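Trainee: 3D model of this:
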Amino acid sequence: MKKIFIFICTFIVLYNQTLIAGNEEKKGQAGATELLINPWARSSGWAGANIAGIRGVEAIRLNIAGLSFISGTEVVFSSTQWMKGTDIKISSFGFAQNLGEYKGVLGLSIMAINFGEFIETTVDQPEGTGVIFKPQFFNMGISYAKTFSHSIYGGIVVRVISESIQSVNATGIAFDAGIQYVTGKKDQLKFGVSLRNVGPKMRYSGDGLTNKGSFLDANFTEAQSLNQRATPFEMPSLLNIGAAYDIISTEDGDHRLTAAANFNSNSFTNDQIQAGLEYGFKSYLMLRGGFDYQKNIFDKTLRTTVYTGPTFGLTLQLPFGKEKDKSFGIDYSYRATNPFDGTHSIGTALTF
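Mentor: Residues are numbered from 1 along each chain as shown. Have a look, this model is predicted:
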């Protein structure tokens, strides 16, 4: 398994050389940007800052190394109202299973975006053809994570991406890799690195890119079908480097206060600095807040995102079972936006 860990480290170092963080000339040139969305209610509550200390199924999206902390089975559902007022909804499902002692954890995550219904329009019928269609954006990740020592954890993800609209679709594949390092007498200090969305270019194709036309100086009696070739687009690659520290961690485990920070180096958008705090009362209640900063975030005339920075969230969790080693939790998060009425996520998590 040491070879797997070496592979993860090499993967991150080599592909990091291809990332040009915050490059002004490359902005807007990537596609499949839904891969930059965090659909999970728990981690989004503190701005996705906990790259170093994230645990469980939600780690498949932010830092796969955190999946290795699952000791049994975990199932997570999440529903997101994306920028409330746009009627865009995101549904996510995650499942993870520990394969046994020293064998690692296998995980599956699915994310689907519902944009609602659209009326088809054409050049000849700009008011609509009467045809109703629904765009379908979907991605699925298969992941594996492993505990290499008491301090070192790592994992990899293979993700399939599918985007389709009326008679046009694109399919791609992307890879994630991540590591976490834990140290301190109480494991209170954590570091994490993750590289996400690395893969070959995607390209749209389908009957929707064909139209009828004629060839000059050719003896055709009928119009011919012309196929337009779409330009391929890059994946939205990014590198995360983060740290987390338990400022307060009582001996009886009743109270915990954790601070986390993350630097998000984007290849095709502005870099981000994310910071957050989480307070935990036993395993029953967790309150969290964060801030997601990027260039011009405070200037509404220059800001390139609808997000204004602040995030909030909470978790209510109930342990059950004879050993109290199982739990059921409800998570909620809010991310402030301008315009629209923020992004709201609510989810449930079952661990057994």
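Trainee: Poorly predicted segments of the stretch 101-250 of the chain, please.
Mentor: 212-225 (pLDDT under 70).
Trainee: Walking through it, point out its strands one by one.
Mentor: Using DSSP state E, counting those that start in this stretch, the strands found in the stretch 101-250 of the chain span residues 105-114, 118-119, 132-133, 136-147, 152-165, 168-183, 189-198, 210-213, 224-227, 238-249.
Trainee: just so I know, which of the ones you listed lies nearest Arg335?
Mentor: Nearest of the strands of the stretch 101-250 of the chain to Arg335, taken as C-beta to C-beta: strand 105-114 at 16.1 Å. Any C-beta I mention is one placed from the backbone N, CA and C, and that applies to glycine too.
Trainee: now the angle between strand 152-165 and that closest one, please.
Mentor: Using axes from the mean of the first three to the mean of the last three C-alpha atoms, to 10 degrees, the direction of strand 105-114 lies 30 degrees away from that of strand 152-165.
Trainee: Partner strands of strand 105-114, with direction?
Mentor: Sheet partners assigned to strand 105-114 using DSSP bridges are listed as strand 88-98 (antiparallel), strand 136-147 (antiparallel).
Trainee: Looking at those, which is nearest to Tyr307?
Mentor: Tyr307 lies closest to strand 88-98 among the strands paired with strand 105-114, at 14.5 Å (C-beta to C-beta).
Trainee: can you pull the buried residues of that closest one?
Mentor: Burial within strand 88-98, assessed by neighbour count using 16 or more other C-beta atoms under 10 Å, is assigned to Ile88, Ile90, Ser92, Phe93, Gly94, Ala96, Asn98.
Trainee: Rounded mean pLDDT for it, please.
Mentor: Averaged over strand 88-98, pLDDT sits at 97.
Trainee: So what touches it?
Mentor: Residues from elsewhere that reach strand 88-98 (C-beta atoms under 8 Å, 6 or more residues apart in numbering): 37, 39-40, 56-58, 60, 67, 70-82, 104-116, 347.
Trainee: Pull out the buried members of those residues.
Mentor: When these are checked for burial by 16+ other C-beta under 10 Å, the buried set is 37, 39-40, 56-58, 60, 67, 70, 74, 76-78, 80-82, 104-107, 109, 111-113, 347.
Trainee: Could you report the distance from Ser151 to Gly184?
Mentor: According to C-beta to C-beta, to the nearest Å, Ser151 stands 10 Å off from Gly184.
Trainee: Distance to Gly329 for the strands paired with strand 105-114 - can I get that in a markdown table?
Mentor: Shown next, in a markdown table, are the strands paired with strand 105-114 (distance: least, C-beta to C-beta, whole Å):
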| stretch | distance to Gly329 |
| --- | --- |
| strand 88-98 | 13 |
| strand 136-147 | 21 |
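Trainee: between the ones you listed, which gets nearest to Gln294?
Mentor: Proximity to Gln294, assessed across the strands paired with strand 105-114 by C-beta to C-beta, is greatest for strand 88-98 (21.2 Å).
Trainee: coming back round to it: nearest to Gly28 among the strands paired with strand 105-114 would be which one?
Mentor: Checking these against Gly28 by C-beta to C-beta gives strand 136-147 as the closest, at 18.1 Å.
Trainee: Run the chain-centre distance for that closest one.
Mentor: Centroid displacement of strand 136-147 relative to its chain, using C-alpha atoms, centre = their mean, to the nearest Å, is 10 Å.
Trainee: Going by neighbour count, list what's buried in that strand.
Mentor: Neighbour-count burial for strand 136-147, counted by 16+ other C-beta under 10 Å, picks out Phe137, Asn139, Gly141, Ser143, Tyr144, Ala145, Lys146, Thr147.
Trainee: So which bits of stretch 301-314 are buried?
Mentor: Arg303, Thr305, Tyr307, Thr308, Gly309, Thr311, Phe312, Gly313, Leu314.
Trainee: would CSV of these with pLDDT and distance to Ala243 be doable?
Mentor: Listed next are the buried residues of stretch 301-314 as CSV, based on pLDDT from 0 to 100; distance: C-beta to C-beta, whole Å:
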residue, pLDDT, distance to Ala243
Arg303, 91, 27
Thr305, 92, 24
Tyr307, 95, 23
Thr308, 96, 25
Gly309, 96, 20
Thr311, 98, 18
Phe312, 98, 22
Gly313, 97, 20
Leu314, 97, 23
